[in-house]
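>>> Generate a structure from the sequence data that follows.
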Amino acid sequence: MKVMKKIGLGLVGAVAATAPVFALAAPPDLSSLTSAIDLSTVITAVLAVAAIIAGVYAAIKGAKTVLGLVKGG
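Okay, here's the model as predicted:
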């Protein structure tokens, strides 16, 4: 059991010693891939659908309020 603990501590030490080396490595440059994609039309479509759904919910809430006032509730 003591041998297993020593092996485990050795592995943890080795990983801890190499972690800063990987942390200092430069990340890959993906700007050529991300600049080639234009998502403005997709964003516009998603916002338009969200606005329509919000309008429907507002109309439903308004109708319920008006019906509640007419009923006298």
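>>> Local confidence estimate at residue 64?
For residue 64, the model assigns a pLDDT of 96.
>>> would you list every one of the helices in this protein?
Secondary structure of the chain (DSSP state H): helices located at 2-23, 31-34, 40-71.
>>> can you tell me which of these the model trusts least?
Of all those, helix 2-23 has the smallest average pLDDT, which comes to a mean of 64.
>>> and residue 47, how many neighbours?
10 (other C-beta atoms under 10 Å). Backbone N, C-alpha and C define where each C-beta goes, glycine included.
>>> could you list every residue that touches it?
By C-beta atoms under 8 Å, 6 or more residues apart in numbering, no residues touch residue 47.
>>> Return the distance of it relative to residue 53.
Going from residue 47 to residue 53 by C-beta to C-beta, to the nearest Å gives 11 Å.
>>> Likewise for residue 25?
Where residue 53 is concerned, residue 25 sits at a distance of 44 Å (C-beta to C-beta).
>>> Between the two, which has more neighbouring residues?
Set side by side, residue 25 and residue 53 show more neighbours around residue 53, with 10 against 7, by other C-beta under 10 Å.
>>> residues contacting residue 46?
By C-beta under 8 Å, 6+ apart, the contact list for residue 46 is empty.
>>> And it, how far from residue 40?
For residue 46, the distance to residue 40 (C-beta to C-beta) stands at 11 Å.
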